[in-house]
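J.: Predicted model follows, preceded by the sequence.
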Amino acid sequence: MKRVLTSLLLLVVVVVTLVPHTNTASVKPAKAQDESLLIWADATRTPPLTELAAQFTEEYGIEVTVQEVAMGEIRAQLPVAGAVGTGPDIIIAAHDWIGELVLNGAVVPINLGDKADLYTEASKKLFTYNGELYGVPYAVENVAFFRNPELVPDAPATFDDVKAITEELVSSGQSSYGFMMRDEDAYHSYPIISAFGGYVFGLDENGNYNPGDVGLDSEGALAAASWIQEMAAAGYFVPEMNYDQIHTLFETGEAAMFITGPWALPRIRESGVPYAISDIPAGPAGPGQPFIGGQGFMISAFSENQLLAEAFLLDFMTAEEPMKAMYDADPRPPAFIPLLETLNDPDLVAFQQAGLAGVPQPSIPEMTSVWGSWQTALQLTIRQEQDGPVAFTEASAQIRELIANAGVPTGGETTGEGGEIVGLPGTFQAQLGCANDWAPECENTLMAVGEDDGVWAASFELQPGDYEYKVALNGTWDENYGAGAIPGGDNIKFSLAEATTVVFLYDPVSHWVTDSVNSLIVTAPGSYQAALGCPGDWAPDCLLSWLQDADADGIYEMTTDKLPAGDYEVKAAINQTWEVNYGADAARDGANIPFNVPADNTPVTFSFDSTTNVLTVTVGS
Amino acid sequence: MSTVAEAGSRKGLPALSSTLKYLIRVVLLGIVDVFALLLAIAIGNDGNWFLAIAIILTTVIVNIINLVPNLWPMRWMSPAIALLILVAFYPLLYTVYVSFTNYSDGHRYTKTEALDLIADRKFLPEGVVNYSWVPFRNEAGDYALWLTDQEGNTFLTAPGQDLQEVTPNESGSGPYDDNGVPTTIDGYTLLTGGDRFKALAELQEMEFGTSENPIGILNRSEAGNFQQRWVFDEERNVLTDKQAGIEYKANDDTGEFVAADGSRAPIGYWVVIGFDNFEEIFSSSLTEGPLLRVFLWTIGYAFGGVLTSFAMGLFMAIMLDVKWRGIRVVRSLLLIPWAIPGMISILIWRGMLQGASQITEVSGIIPKTLDDLFGWTPAFFTDPTWAKVAILLVNLWFAYPYFMLISSGAMQSIPSSIYEAARVDGASSWRQFRDLTLPLILVSLGPLLIASFIFNFNNYLLLEALNGGGPPMKGANVPPVGHTDNLITYTYRYAFASGGTRDFGLASAIAVVIFFIVALLTLAQFRLTRRWEEIGENV
């Protein structure tokens, strides 16, 4: 034992002598050096950027390092490397990463300032997310329709023409294939799907993509699926054909038409095959819409030099020469207007023309749930393993399920203190990924119990349509409530004209069930709420002071006898926020309404008239 | 000789020698400790306290082994123990820990980190003047900003000094440049080019103006009295978006900031969520169908792969168990598949099996031959059954040389006298194989078969490289699952599939479940081999 102690003592002495005494500085994680920038770029863009960086360093004396990182890795590693302080200041990024990167808090908004006019409107729109610009665009691209003019002299106007031309070419033996497409490429199939009226996500009232409205099984999308299936059944689409094979067929004159993007130009030009680029043919729903995608620079939220990074991008890169260098290394249609004007390339103009009908490729995080299912549907259709419309319907159901599962019901916990669960059986369940409608046990439509107020709530994004529902306890129909808080009562009905987020509420005490379509969600926030058990006073979201209207007469009421004697103030708030609130004299944002409770536990009734917006407080019975 | 030398050294300076050795040992140990300590501090500073603690614990164990005399014989094992803790136990425990969290995209940071990340976002409140700015510096190195408001009025401000309206061509300003900015003013010089770029790092942290009317730089184009956009109230546990005026309540059960209308703040954090991930594996409608099929195929592939390649290897070993000239060369040649890097031969196999499509140029040799001979081509990549056959086929090619090698080794160790006895008893060669060779080599090969089984159970390379898990399974797309995906490739798709929303917590939970499955299967198989050993003892 003594020996161990001596050893320990000795060891401590050794360690103390050896540990560098300036260690506090030396062991800190390596942070970006002041006044220097690190850029992550992929293999194609590293060479021009490295040269530009050297030029910048020479000119301004600020070190800029370019690190080569694979495209997919940039996206995945930015939050990882950033969090430990080794990440880049600037990344090369595709516009559809924005949703995910913003979700991870990894990028910051950029203000183009006086340089805003130098970038095309389309490119700026691509990099805008939730109203804020997150990137400096440099290239915008979309697919267009390629044809071999020797085989197909005139650009087909519709996809029916495409089919007819294909039939004729193949049957006459002029070429082995007519119009071709890959079976595993959802991206290139979107122009076809949109021409028939299909879509991926519908738009909300602000023009943003609405993940609650999935359109891959809309009538138009199913018509497109049938068209693709017909082409495959006739043998015009070949299963398992890859990108390279289709290109080779086109370049050798064996295939007459296909859809591809500007990235294919160099190899097609080199092959010497005659080609013409035109707009995507139209379908029953109008011209086919290509997805528009963009490439650009983004600034890391972890960067210590965000201002310098912004200045580098806007005061150095935003000029014709650097943009030309980027273009030369990777010729994609530039987003920088002065360069676009000088290039004057008829092919790029043709792409731009085709892009006029295009729509931005969705960058909302939900898009990641879409690609896989969509691609599988396409594969199963072209390989004729499944009926096209069925495959697309199934894929859409999967996408909805995925999106529904990605979210969490508001409030979180779906099991009450006594282990009870509250379900929302109704006609919207299949849409939300349940096995069928009227399923009280379906997990996707369970309500969540409020932590403080005990009121059950759920909110779902629903498609336009007429709906009916009830509330059922514990996954069975044994205890259920319908309209008017009546056990076993009638179904509650509502209709939506457009996709809407509907909030459902259920009070376990009064058994009142309602939704944000049928009634207002009225609360009476005030200085009395803490006494009621709310987390604080003036909390419009606390449903302990929820005014209910079980008899649907437009008068919302709540009575409590839990208040200690004293003076209080109150207002009425709609939809659990302060956004719409009413005070004295029914005035919006009006003065607080005072009331006095003369003795402990005097009953107090709050009543709100939804036609006049008057909140009345009655003290005493 | 040696005894003399030893005696000599004992007689010479015995005490010093042992003390010296002892000192060297402690100093070496001290050096190791210092490195470990610095490493732990560096890693801890990066926020990874788990790993830092693991390193320190490991170091403590290594120290105990080296300092406590009774444990001294274990000293040579201490590096191995240290590595075992750091590269096996630590990742295992960490995986288990992650499986109880919701660590995923949108929940990648701790609450503090997440709040830190958005703490420096600023916004311009309504009614506050928004200036464009140009930096200046005087000879003492103090900065000043030349501000222009929306109406075109210009001001000069320095830290602690209120805005001072500047009228063109007055108050000591020098000549104006092309942008209408004076090149000098009040002893300050306009910063341009490299000077301006270099100043930006410093400027972005500075506050100009007075404390009543502070001016900060928001971005390259804007300066003004900006305010912090996201303010967190610790007491109420509420995050407020000052710009939009929305309050988001922190939900520490889900790691989100949720507003009253159910919308979420654009940042989340990870929290411990208990058994939710495990519940999701076993109950979610997303996983139950595909997961069961993936599990069955995982077992099927692991067993099938070992059985077929063991059978083939054993067969080859018996066939080659002859005394021909040159048989050694043949045997060595047969080992080649084992020696070639897997990735290369998988790609070659891919090419050979590929195709059966209508374009003959790209059809692989195997479908082409089958087509020529029988007019029949199985779809090795798109048909669920044939895709599995293809996997087992390629697996056989990889694994049989190994089994051939170990089987022929094991057969050498069977005493030939047993066979003589069998022959005397009149046993046929099939009987000899079934009742003597097979049971006896199973005794020694049992553990190796189990190891191969576990390897196949966790095989990633072959399944991913040959067919990428395809063909896709109908009705199973979360993540997209294929018919030849095993639990490992399936988990990989959950956690790392590029382009997908990555859910590390759920992937860890699946990994933990796989660990238990493998552990149980291994235990069962060890039971089985023990029975074989009993057979061995009875022979």
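T.: Done, it's in.

J.: Quick check: longest strand in chain B by residues?
T.: Counting residues, the longest strand found in chain B (DSSP state E) is strand B:130-137.

J.: Downstream of the biggest helix by length in chain A, the next helix or strand is which one?
T.: Across chain A, the longest stretch assigned as helix under DSSP state H is helix A:388-406. Following helix A:388-406 in sequence order, the next helix or strand is strand A:422-423 (DSSP states H and E).

J.: which stretches of chain A have low pLDDT?
T.: A:1-3, A:18-33, A:365, A:368, A:402, A:404-414, A:416-417, A:621 (pLDDT under 70).

J.: Okay, domains of it per the record?
T.: If you go by automatic domain parsing, the domain ranges for chain A are A:6-141+A:293-346, A:144-290+A:364-369.

J.: Residue A:396 is nearest to which of the ones you listed?
T.: domain A:144-290+A:364-369 (3.7 Å; Cβ to Cβ). To be clear about C-beta, it is placed using only N, CA and C from the backbone, and glycine gets the same treatment.

J.: That closest one and chain B, are they touching?
T.: Yes - Domain A:144-290+A:364-369 reaches chain B (Cβ under 8 Å from any Cβ of the partner chain) through A:235, A:238-241, A:245, A:249, A:365, A:368-369.

J.: Just flag the most distant two among these.
T.: Most distant of these, by Cβ to Cβ, are A:235 and A:365, 39.0 Å apart.

J.: send the alpha carbons of the longest helix of chain A over as CSV?
T.: C-alpha atoms of helix A:388-406 as CSV (Å, rounded to 0.1, in the frame of the first residue of the first chain):
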residue,chain,number,x,y,z
GLY,A,388,-48.7,2.5,-62.6
PRO,A,389,-51.6,4.4,-60.9
VAL,A,390,-51.6,1.9,-58.1
ALA,A,391,-47.9,2.3,-57.6
PHE,A,392,-48.2,6.1,-57.5
THR,A,393,-51.2,5.9,-55.1
GLU,A,394,-49.2,3.7,-52.7
ALA,A,395,-46.2,5.9,-53.0
SER,A,396,-48.3,8.9,-52.0
ALA,A,397,-49.8,7.1,-49.1
GLN,A,398,-46.3,6.3,-47.9
ILE,A,399,-45.2,9.9,-48.4
ARG,A,400,-48.1,11.1,-46.3
GLU,A,401,-47.4,8.6,-43.6
LEU,A,402,-43.8,9.7,-43.6
ILE,A,403,-44.6,13.3,-43.3
ALA,A,404,-47.2,12.7,-40.6
ASN,A,405,-44.7,10.6,-38.7
ALA,A,406,-42.0,13.2,-39.0
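
J.: elements contacting that helix?
T.: With contacts taken as 3 or more Cβ pairs under 8 Å, 6 or more residues apart in numbering or on different chains; DSSP states H and E, helix A:388-406 sits against strand A:209-214, helix A:219-233, helix A:367-382, strand B:472-477.

J.: Report the distance from the biggest strand by length in chain A to the chain centre.
T.: The residue-count maximum for a strand in chain A (DSSP E) belongs to strand A:291-299. Computed by Cα atoms, centre = their mean, to the nearest Å, the chain-centroid distance of strand A:291-299 equals 16 Å.

J.: quick one on the thing from earlier: looking at residue A:235 and residue A:365, which is more packed in?
T.: Using other Cβ atoms under 10 Å in any protein chain shown, the more surrounded residue of residue A:235 and residue A:365 is residue A:365, with 22 against 10.

J.: mind listing the helices for the stretch 251-400 of chain B?
T.: Along the stretch 251-400 of chain B, counting by DSSP state H, counting those that start in this stretch, helices occupy B:276-283, B:288-319, B:327-334, B:336-339, B:342-353, B:365-374, B:384-412.

J.: Can you give me the buried ones in the fifth one?
T.: Think helix B:342-353. For helix B:342-353, the neighbour count (16 or more other Cβ atoms under 10 Å in any protein chain shown) marks B:345-346, B:349-350, B:352-353 as buried.

J.: just the last one next, same as before
T.: By 16+ other Cβ under 10 Å, the buried positions in helix B:384-412 come out as B:384, B:386-388, B:390-408, B:410-411.

J.: Packing partners of it?
T.: helix B:288-319, helix B:327-334, helix B:336-339, helix B:342-353, helix B:438-457, helix B:461-467.

J.: do that again at 7 Å, thanks
T.: Applying 3 or more Cβ pairs under 7 Å, 6 or more residues apart in numbering or on different chains; DSSP states H and E, we find helix B:384-412 packed against helix B:288-319, helix B:336-339, helix B:342-353, helix B:438-457, helix B:461-467.

J.: for the first one, same thing?
T.: The elements that helix B:276-283 packs onto, with contact taken as 3+ Cβ pairs under 7 Å, 6+ apart, are helix B:504-538.

J.: at 10 Å what do you get?
T.: Judged by 3 or more Cβ pairs under 10 Å, 6 or more residues apart in numbering or on different chains; DSSP states H and E, helix B:276-283 is in contact with helix B:90-99, helix B:288-319, helix B:504-538.

J.: can I get these in JSON lines with mean pLDDT?
T.: Listed next are these as JSON lines, based on pLDDT from 0 to 100:
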{"stretch": "helix B:90-99", "mean pLDDT": "90"}
{"stretch": "helix B:288-319", "mean pLDDT": "88"}
{"stretch": "helix B:504-538", "mean pLDDT": "80"}
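
J.: of all the ones you listed, which gets the most neighbours per residue?
T.: helix B:288-319 (a mean of 18; mean count of other Cβ atoms under 10 Å in any protein chain shown).

J.: wait, residue A:257 sits on residue A:154?
T.: No - the criterion here is Cβ atoms under 10 Å, and residue A:257 misses it with residue A:154 at 11.7 Å.

J.: Now for these two: what residues contact both?
T.: A:147, A:165, A:276, A:278 (Cβ atoms under 10 Å, 6 or more residues apart in numbering or on different chains).

J.: among the residues you listed, which are in strands?
T.: A:147, A:276, A:278.

J.: Compare these and tell me which is most surrounded.
T.: Most surrounded of these: other Cβ under 10 Å gives residue A:147, at 25 neighbours.

J.: Test my guess that that residue contacts residue A:154.
T.: Yes - at 8.9 Å, residue A:147 counts as touching residue A:154 under the criterion of Cβ under 10 Å.

J.: Now for those two: what residues contact both?
T.: Joint contacts of residue A:147 and residue A:154 (Cβ under 10 Å, 6+ apart) are A:165, A:276, A:278.

J.: Could you report the separation of the second one from residue A:145?
T.: Using Cβ to Cβ, to the nearest Å, we find residue A:276 at a distance of 9 Å from residue A:145.

J.: any common contacting residues for the two?
T.: Taking Cβ under 10 Å, 6+ apart as the criterion, residue A:276 and residue A:145 both touch A:155, A:257, A:350.

J.: Narrow those to those in helices?
T.: Going by DSSP H, the helices hold residue A:350 from these.
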